[in-house]
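Trainee: take this sequence and fold it.
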Amino acid sequence: MKHIASAVLLSALILTAAAPFTAFAEDSTETSEITEYEKDTIFEQNGLEFKLYQTEPPRLEVRRCLSEEAEIEIPEVVNGIIVDSIGEYSFEKVKTLVSLRLPESVRFIRNHAFFQCSRLRDLSFPNCLENIEFMAFSNCDHLSPIRLNKGLTELGFAAFQSCGEVRALTVPPGVELFSDYACNFTHDLYTLRFCSGVQKIGSHAAQNNYYQKRVIIPPSVTEIGDHAIGYLFQKGEYQGLNEAVIYGAKGTAAETYAKENGMPFEEFNFNYGDINNDGSITAVDASAVLSEYARTSSDGEGTGFTEAQKLKADLNDDFRVNAVDASKILSYYAYTATGGNDTPEVFFFLR
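Mentor: Down below sits the predicted model:
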């Protein structure tokens, strides 16, 4: 009964509805004045070096990190000019960096920007971010969690390669191509989820993820490259992962890939949070989750959830169905009741 009481109490604490996405505003009066600076002018502020890489409209990118501080906050505006890019190699091998705060103005994270930032743990991806380029976060060993923004449209080659502590990654709907080696050697990546809108998964994209448990692939994906999922590559040979399960719709590229590569396949309808499959997410679904939590917390008796129901109910990707998930369902119910229009997968798994 203690578990049930705790569940009911926690579910009552409904999270506030997610703030709607708003793009970074156009230059204000203070930042729209014509500057006298020439292209490639260098500025320094907050232990960072900035370069004026564009003059119409004027825009800055971070060129180099000069600081050895563990926590760094990048300003939104420097000398009256918007910062919208993190430059190539700008933080490469900065071993002291643990926490980084990016401004909401950032649209681009360039090639190798955070390559081998081995201590970087805490980073929030801004709403306006559009492009994460080639190997931008490769070998960021401790970066976790990664919660991408829903407006992202490009994710480059090996962008999150060897980010070893990431447990779950959801690819936003605007990323049509999940590039080759995108999360290769992300060995603790238990859950890899593609939102509806992704069209192609590149070759070796999620290779060498030793503890992969589930990969969710929607019908929008029509092409999956060689050895993209479910393989280890060791000593010149490919080995299949025994526990990796592909979830998808019948008759899609997901099922074809699973069959051709000898991987388990589970049919899934992608209606996250809709536990009773009635086409809506309400308090009834939250109640079903709480009942499953009570069942598994006591004697474990009863019919129990199917694997598909567990996946739809596990909304924080911790492989447990509990009151936290019920609370998230209630939050989405409140969000849609007040006019929110994000899809469940965006609301639950993206920023």
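Trainee: wait, doesn't A286 sit right on L330?
Mentor: Yes: A286 lies in contact with L330 (C-beta atoms under 8 Å); the separation is 4.9 Å. Quick note: C-beta positions are derived from backbone N, CA and C, even for glycine.
Trainee: so for those two, which sits in the more crowded spot?
Mentor: In terms of neighbours (other C-beta atoms under 10 Å), A286 is the more surrounded of A286 and L330; the figures are 26 against 23.
Trainee: mind checking the SS state of the closest residue to S118 other than its chain neighbours?
Mentor: Nearest-residue entry for S118: D141, 5.1 Å, with adjacent residues in sequence omitted and distances by C-beta to C-beta, 6 or more residues apart in numbering. What DSSP: H, G, I helix; E, B strand; the rest coil gives for D141 is coil.
Trainee: list the contacts for D141?
Mentor: Counting by C-beta atoms under 8 Å, 6 or more residues apart in numbering, D141 makes contact with S118, S162, C163, G164, E165.
Trainee: go through those residues and single out the one with the most neighbours.
Mentor: When those are compared by neighbour count (other C-beta under 10 Å), C163 ends up highest, at 25 neighbours.
Trainee: now do the SS call for that residue.
Mentor: coil.
Trainee: does it touch A136 like I think?
Mentor: No: contact criterion C-beta under 8 Å: C163 and A136 do not qualify, at 10.6 Å.
Trainee: what's the burial count for the nearest residue to N208 once chain neighbours are set aside?
Mentor: Using C-beta to C-beta, 6+ apart and skipping the chain neighbours, the partner closest in space to N208 is F185 (4.6 Å). Neighbourhood size, F185 [other C-beta under 10 Å]: 21.
Trainee: where does pLDDT dip in this structure?
Mentor: Residue ranges of the chain with pLDDT under 70: 1-35, 299-303.
Trainee: can you give me the helices for it?
Mentor: Secondary structure of the chain (DSSP state H): helices at 2-12, 253-260, 283-297, 307-313, 323-337, 344-349.
Trainee: how much distance is there from the fourth one to the middle of the chain?
Mentor: In other words, helix 307-313. 20 Å (C-alpha atoms, centre = their mean, to the nearest Å).
Trainee: what of the last one?
Mentor: Using C-alpha atoms, centre = their mean, the distance from the centre of helix 344-349 to the centre of the chain it belongs to is 11 Å.
Trainee: contacting residues around it?
Mentor: The contact list for helix 344-349 (C-beta under 8 Å, 6+ apart) reads 18, 147, 150, 168, 170, 172-173, 193, 195-196, 270-274, 281, 315, 317, 328, 332, 335, 340.
Trainee: N79 is in contact with E44, isn't it?
Mentor: No: contact between N79 and E44 fails when scored by C-beta under 8 Å: they sit 10.2 Å apart.
Trainee: what's the offset of stretch 217-230 from the middle of its chain?
Mentor: The chain centroid and the centroid of stretch 217-230 are separated by 18 Å, computed with C-alpha atoms, centre = their mean.
Trainee: before we move on, the earlier item: for the contacts of D141, give me JSON lines that also has distance to S85.
Mentor: Formatted as JSON lines, these follow (distance: C-beta to C-beta, whole Å):
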{"residue": "S118", "distance to S85": "23"}
{"residue": "S162", "distance to S85": "24"}
{"residue": "C163", "distance to S85": "22"}
{"residue": "G164", "distance to S85": "27"}
{"residue": "E165", "distance to S85": "27"}
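Trainee: closest to P219 out of those residues?
Mentor: Checking those against P219 by C-beta to C-beta gives C163 as the nearest, at 27.8 Å.
Trainee: what's the distance between the closest one and I217?
Mentor: Computed as C-beta to C-beta, to the nearest Å, the C163 to I217 distance reads 21 Å.
Trainee: next: F233.
Mentor: Distance from F233 to I217, by C-beta to C-beta: 21 Å.
Trainee: higher neighbour count, these two?
Mentor: Higher neighbour count among F233 and I217: I217, with 27 against 14, using other C-beta under 10 Å.
Trainee: that older thread, nearest to E68, out of the helices of the chain?
Mentor: So among the helices of the chain, helix 344-349 is nearest, using C-beta to C-beta, at 34.8 Å.
Trainee: what's the end-to-end length of stretch 96-105?
Mentor: 24 Å (C-alpha to C-alpha, to the nearest Å).
Trainee: now do stretch 194-208
Mentor: Stretch 194-208 has an end-to-end distance of 18 Å (C-alpha to C-alpha).
Trainee: list the buried residues of it.
Mentor: Within stretch 194-208, the residues that count as buried by 16 or more other C-beta atoms under 10 Å are F194, C195, G197, V198, K200, I201, G202, H204, A205, A206, Q207, N208.
Trainee: of all the residues you listed, which two lie farthest apart?
Mentor: Largest separation among those by C-beta to C-beta: G197 and N208, giving 26.1 Å.
Trainee: run a quick neighbour tally on the nearest residue to R121 once chain neighbours are set aside.
Mentor: Using C-beta to C-beta, 6+ apart and skipping residues adjacent in sequence, the residue nearest R121 is H142, 4.9 Å away. For H142, the tally of surrounding residues (other C-beta under 10 Å) stands at 15.
Trainee: can you pull the contacts of H142?
Mentor: Residues near H142 by C-beta under 8 Å, 6+ apart: S118, R119, L120, R121, G164, E165.
Trainee: which one of the helices of the chain lies nearest to K39?
Mentor: With C-beta to C-beta, the closest approach to K39 among those belongs to helix 344-349: 37.5 Å.
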